[in-house]
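Peer 1: here is a sequence with its predicted model. Questions after.
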Amino acid sequence: MKEEGNYANRPSNTAFTQQRLPAWQPMLSAGVVIPGFLLIGLAFIGIGVGLLITSRSIQVLELDYTGTETSSPCYQCTMSNQSNCVCKLSFSIGTLFKGPVFFYYGLTNYFQNQRKYGVSKDFNQLIGDVSYFKSPSSDCQPYQRVNGKPIVPCGAIANSMFNDTFKLYQIINGKEELVPFDGKGIAWWTDYNIKYRNPDYTPLKNAFNDTEKPVFWTKPAYELDTSDASNNGFINQDFLVWMRRAALPNFRKLYRRITEGNYKDGLPAGNYSLEISYNYPVISFEGTKKVTFSNVSWMGGQNEFLGIAYLVIGSMCVVMSVVMLIVYAKFRFPEED
Amino acid sequence: MFLKCSLFVEKERRVKANSREYNDKFLYADNRIKTSKYNIFTFLPVNLFEQFQRVANAYFVVLLILQLIPEISSLSWFTTIVPLVMVLVITAVKDATDDYFRHKSDQQVNNRKSQVLIRGSLQKEKWMNVRVGDIIKLENNQFVAADILLLCSSEPYGLCYIETAELDGETNLKARQALSVTSDLGDVSKLLNFDGKVICEPPNNKLDKFTGTLNWRGNKYSLDNGKMLLRGCILRNTEWCFGMVIFAGLQTKLMQNCGKTKFKRTTIDKLMNTLVLWIFAFLICMGVILATGNTIWETWIGRGFEMFLPWTKFQISTVFSGFLTFWSYIIILNTVVPISLYVSVEVLRLGHSFFINWDVKMHNRQTNTAAVARTTTLNEELGQVEFIFSDKTGTLTQNIMVFSKCSINGTIYGDVYDEFGHRMEITEKTACVDFSYNLLSDGAFKFYDNTLVEAVKQKDPAVQEFFRLLALCHTVMSEESEGKLVYQAQSPDEAALVTAARNFGFAFWARTPESITVCEMGQVVTYQLLAILDFNNTRKRMSVIVRDAQGRLRLYCKGADTIIFDLLDPSSTDLMHTTSEQLNEFAGEGLRTLALAYKDLDEEYCDVWMKKFLFVSAVLENREDQLAALYEEIERGMKLLGATAIEDKLQEGVPETISKLNLANIKIWVLTGDKQETAVNIGYSCNMLRDDMTDVFVVSGHTLTEVQQQLREAKERILSLSRVSDARNDEENDMFADDSVFEEAIITEYALVINGHSLAHALEPQLEIVFLDLACLCKTVICCRVTPMQKAQVVELVRKHKRAVTLAVGDGANDVSMIKTSHIGVGISGQEGMQAVLASDYSFAQFRYLQRLLLVHGRWSYFRMSNFLSYFFYKNFAFTLVHFWYGFFCGFSAQTVYDQWFITLFNIVYTSLPVLAMGLFDQDVNDQNSLRHPSLYKSGQNNLFFNKRQFFLCTVHGMTTSFLLFFIPYGAFSVMVKEDGSHSSDQQTFSITIATSLVIVVSVQIGLDTHYWTAVNHLFVWGSLAMYFAILFAMQSDGLFGVFSNIFSFVGAARNCLSEKSVWLVILLTTAVCIVPDLFVRSIRASLFPTQTDKVRQLQQSCKSQRPEEQNLRRARRTSSRRSAYAFSHQEGFGELITSGKNMRTSRVSSTCSYERTAPSSKWIENVIKRTNAVSCISFGSPNKQHQSLKQPDRLNC
């Protein structure tokens, strides 16, 4: 009895309280690390080779049309006060450009990731909340109001929407044949269906009463695509693509797919002409404008970086495992007490 | 009124007895003690105020304010306030519980009852209601409630005895005597009319000093310390006493001595604060760089980009824009100063404290006390201790003296032999001698050698004389308590000797100033006591001169062997040589020895001597010396009887613990209030002092110059010797060629013993460095006769000049100051006093638990905390600096890479639990191996696991990781296209890719840092990853967006992004690139430069299969020839008290004049003796009658 009493304050003798929980105590032993490194290395080299080969098989055609050089066909459009300037860019394709071909526009030195630029929009307007049409968020400054009227959609992002348009012609026997562009589903499904919504107004125009279009826009939001209601207003695909801000100052955004008609299997070899209606100014901040044709593989577009990086890391691992092997062979772990 | 009180500086204290109106004028402190900090109403404001005084918390409030300014707010306010509130709440809860326990203990003390004379009668009053000037009554074994002036007591001459263990650690009794004018007030009615007025010094912390005067009835009486009973003392051996309260509550000497509780900070705490400042500076640097970048960007690019992003009205110029950006970046990058760091550290420490509390191996069965971590903030410091300051009594020793062996007439008794004649180790199982034949025996006394009993029974004259001496030659007082014979000895050694004699049949029964009554083998014999030749430090012996019933005169003497041997009659030479050898043997076992001798005196010589003695006793000048000479004269020519060996029982496992701690490179200093002899003896028995030490320096100078010289000499001796040994080792010589001697270079071992008055000089500013240097060159340092304040000073000295962690361990109130001064204070609990425990940071029942506390818990705590911090800094750098790199690509606009929710949750949800699990459960080496390899401890002392270099490495590691985390996705993303051809290089995809990589990388990293994967670790690591993905998808779900479209703008991003093969390829690549080099470095380091830990781990793994058997560290027997001298811990002067009869009850002193009054006590004695006689005569003849004697309604302890 007395003995028991003396245990009254005794802490409980469990594995947890006594810090004796069963545990796995891994150690970096040579037997694990060297083969591990070798395996990782080989796997990475494998992936790297695969990526590189895939990447090399992807065709990419990139054309700069900024027009800074006088030789450029778009040079004259960079001159001042040219409105509705159209320039044509000719190029030829040597072999079949396998389809589906994607057509991108690209901008460089363009800071969509600038913080103040990034916040300059009003979520509530863009989900179609009409009450915010009248009083846009102050984040939109200085594109909140114009002439005392609220701007819809307000803010710098919407205001600066890319507005060059492109038409691609294949020149067959001296005749220009329009290559059909497909602009459906180029934006994210969630953006199109959830993040951006038009107000429930028919016609859409009524929702925009007493509001102004963004300053740089030539037409209001409800006229972005008058032909297709499901591509109009805030859920216009080009608008959505633009609103998804790029992470880096050099970026490209999908403009159209080439999937239809004769061009289902790609762009055949031949001469092409790209008609650009040149509206978007980039010269002032030393930006450039590009268009890119590309096709994709299982891993997306062309991306040499990934393949090379994998190869480098893979070979590094192999080298490390060899170094470790030498080290272990030379300096055995001292087995003394 | 309050203001007046606080401004009032007391110059002298005036107290009038029984007059509260008078005393109230002075606003003296009442007897309430308050150690708590808050009450219910003040808690919130005070606690918040305290918390915001912490730099980190204040910093986050500033951040919060910054975030509310829209122009620079780069992050939503919730990213800061959520963690901040969590931190504040957790800390507040902890503070509240701490304070609650303080309230409880305060209340317990304040509500103790004491008897106070109020309104004409004695009333029970709570301690807290006792006021200055009150007269209180104390009873035996009660704590003294306040500092009181002794007025009268139940004992004659107003004497009373107190035990001051709480104050100075000494357990021997001290006598206090009231003024003779007040000593006869022992009656309530008389006391009521007492209106003396005391004028005395203001409250101070000097325990041994008191000056004041009592004015009463027109006379002045001076008061000194001998008339004071201080709070914390216990009344002993005195039925009751009355006293007048002079100081109460916080003004008592005990409380004044306690000193302010310093807030203890650990080394890592301080380092952490420095590092946080560095990080802060680093943060500002980054801010400046980015702000400059912003100015340049705005000038060159932003100006052109104004077409799409015009400057707002705030943006007056590019420079101003840079200025705003600076603040924005401070907000974004604030996570490099991790807010959750402090709270996580607190949580870890709390966890470690619980593990200490829960440790079964630190639970003491005898006292049923478990170890308690009373302070929860110091645990990792336990892994870095370099100096231990230990009290002796009650800490190293049990303060129990045991009569373990003796040598009588050349024969050793006390060893036990088995049937083969081998000496056996005495353990708990060894059968002890049955003393039941002796009615007067003390049941607690244990002896193992039956031959001695036989010798007594056979009436061996030498043996009988031996015990007769022990029964006669002492200053012990006897009394009856609950029917038992109880001895009150002023030192435990004497009690042990007298008790031994009692058990062997020579029971000291009673004494008067002129006689000693002994029950010798059942027969009452009264000896006439002629003189007590008292003990003192130079004599190192005491003698008594007695006349036995037959009229023979005899002198009995006991004392230090060296002294006694010089005084022996030549006839004892042979015996002396034998005994001397035996004494060596005893000393070798660490026993305290005493030699016993006697001398027959003839009547005439004695008469002459007595006359001289009386004459000299009356001499005023030079009395001490003359007395000493006279004593020596009569003590010459004694015959040796034998020697005793007393064991000063060490606490369990002390020598083993000390040697373990020594192996762990911890220096142990013993600071004791005890005498030098005692302290040195204990030093030897617990292996701190050894015979193989090169030198033991004893510093005992009385003046500054003496001490200085002794210190210098000792130091020079060490230096010269080490130079010699240096010269011998040619190879090492070059390293230490210059004159300065490295501590490590000293191969030979030294010890330093210094006593209190020398220490007082050694601690003076001009000597303290010399002293410290010398002390640090020595392996062992013993300071004896030190006051509580000196203990603290020594600790302070080491703290100040050595950048080392100090730990003080003690059990009494005299250790409180040292416990509070040291970095870590450890209290030994389970003893009577609680003062030390209350002041301590850790408490447990036995000194030996210290090795587990330090080598296991301390080391683990330090190891865990270090790894935790390294990882924490790494993690936050890796997390935050991505923003820095991104700054160069987003126009230095303070754009965050991650989603705001990710920033909010990263530290508190996604990555907090795995690192906490590591910080709580990780073990590199298990507890057994930690104890078996004490050298593992050194890495803590040298601060190897977490220091500035380590911090630098982990921040660089973090920076590299952030660099890779940013630039690999950057490289991949510049041209990234999704499988459906749409671009995927948008901000949100980029953000999720980096965030996911980051979470995976830091999870893998914590996996690498974890050495001990328990189920909890698995749960937390995998759980956190799962949690990340769950929250990620939940936050970006359509549903949440529908509810709060403003806040969850990342809707759908995770789905779109993480369904891409290429994104996963990027994540895989990033993870591999971040982890592989680290893994490589780790394995190379482990094989090329394996640390001690690695080796032990290797060993642990390889012998996992075999269960490690319990180590059997047996106490090595010393082969020393050193002998302890007369090491009684008692003072001189008691002999005089006895012969003067002052400490006898009036009844006994005046036995001749009023016989009736003594009758009861005499009768008691006689009754018992009659019975004893009757029984013992039978039992001596026939042991089987023992049972009969037991059955008798006898109140004596058989």
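Peer 2: Looks like it arrived, so ask away.

Peer 1: ramachandran angles for the residue nearest the centre of chain A?
Peer 2: Geometric centre of chain A, nearest residue: residue A:246, 5.9 Å, by CA atoms, centre = their mean. Dihedral pair for residue A:246: phi -80, psi 150, per degrees, to the nearest 10.

Peer 1: would you map out the domains in the chain?
Peer 2: Here I'm looking at chain A. The record assigns chain A these domain ranges, following automatic domain parsing: A:36-58+A:298-337, A:67-97+A:108-246+A:269-288.

Peer 1: chain B is the one I meant
Peer 2: With domains defined by the TED database, chain B comprises B:13-19+B:130-258, B:32-108, B:365-395+B:651-722+B:748-855, B:402-647.

Peer 1: surely the residue nearest to the centre of chain A touches residue B:985?
Peer 2: Yes - counting by CB atoms under 8 Å, residue B:985 is a contact partner of residue A:246 at 5.9 Å. C-beta coordinates here come from the backbone N, C-alpha and C atoms, glycine included.

Peer 1: returning to that earlier point: so which of the domains of chain B is nearest residue A:113?
Peer 2: domain B:32-108 (13.0 Å; CB to CB).

Peer 1: quick one: the closest one near chain A?
Peer 2: Yes - Domain B:32-108 is in contact with chain A by CB under 8 Å from any CB of the partner chain, via residue B:74.

Peer 1: OK, contacts around the residue in the stretch 51-200 of chain A positioned nearest to chain B?
Peer 2: Here the residue of the stretch 51-200 of chain A nearest chain B is residue A:190; by CB to the nearest CB that distance is 2.6 Å. Shown in contact with residue A:190 (CB atoms under 8 Å, 6 or more residues apart in numbering or on different chains): B:1038, B:1051, B:1052, B:1053, B:1055, B:1056.

Peer 1: what about it, which helix or strand?
Peer 2: Element membership of residue A:190 [criterion: DSSP states H and E] is helix A:189-190.

Peer 1: do the same with residue A:92
Peer 2: Going by DSSP H and E, residue A:92 is in strand A:85-93.

Peer 1: where does the prediction get shaky in the chain?
Peer 2: This is for chain A. Within chain A, the stretches with pLDDT under 70 are A:1-6, A:80-82, A:332-337.

Peer 1: to clarify, I was referring to chain B.
Peer 2: Looking at chain B by pLDDT under 70, you get B:1-9, B:165-172, B:257-263, B:312-315, B:428, B:722-748, B:830-835, B:1104-1134, B:1141-1198.

Peer 1: contacts for stretch B:407-420?
Peer 2: With CB under 8 Å, 6+ apart as the test, stretch B:407-420 has contacts from B:404-406, B:423-424, B:426, B:430, B:447-449, B:451-452, B:455, B:460, B:462-463, B:466, B:575, B:578-579, B:582-583, B:585-586, B:641-643, B:645.

Peer 1: mind exporting stretch B:807-824 as PDB, just the C-alpha atoms?
Peer 2: Output of stretch B:807-824 as PDB, limited to C-alpha atoms (Å, rounded to 0.1, in the frame of the first residue of the first chain):
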ATOM      1  CA  LEU B 807      23.500  26.500 -13.100                       C
ATOM      2  CA  ALA B 808      23.000  26.700  -9.400                       C
ATOM      3  CA  VAL B 809      21.500  23.900  -7.400                       C
ATOM      4  CA  GLY B 810      20.500  24.000  -3.800                       C
ATOM      5  CA  ASP B 811      17.900  23.100  -1.300                       C
ATOM      6  CA  GLY B 812      17.700  25.800   1.300                       C
ATOM      7  CA  ALA B 813      16.700  29.400   1.600                       C
ATOM      8  CA  ASN B 814      20.400  30.200   1.700                       C
ATOM      9  CA  ASP B 815      20.700  29.100  -1.800                       C
ATOM     10  CA  VAL B 816      17.900  31.300  -3.100                       C
ATOM     11  CA  SER B 817      20.100  34.200  -4.000                       C
ATOM     12  CA  MET B 818      22.400  32.000  -6.000                       C
ATOM     13  CA  ILE B 819      19.600  30.200  -7.600                       C
ATOM     14  CA  LYS B 820      18.200  33.500  -8.700                       C
ATOM     15  CA  THR B 821      21.500  34.900  -9.900                       C
ATOM     16  CA  SER B 822      22.500  32.000 -12.000                       C
ATOM     17  CA  HIS B 823      21.200  31.400 -15.500                       C
ATOM     18  CA  ILE B 824      19.400  28.400 -14.300                       C
END
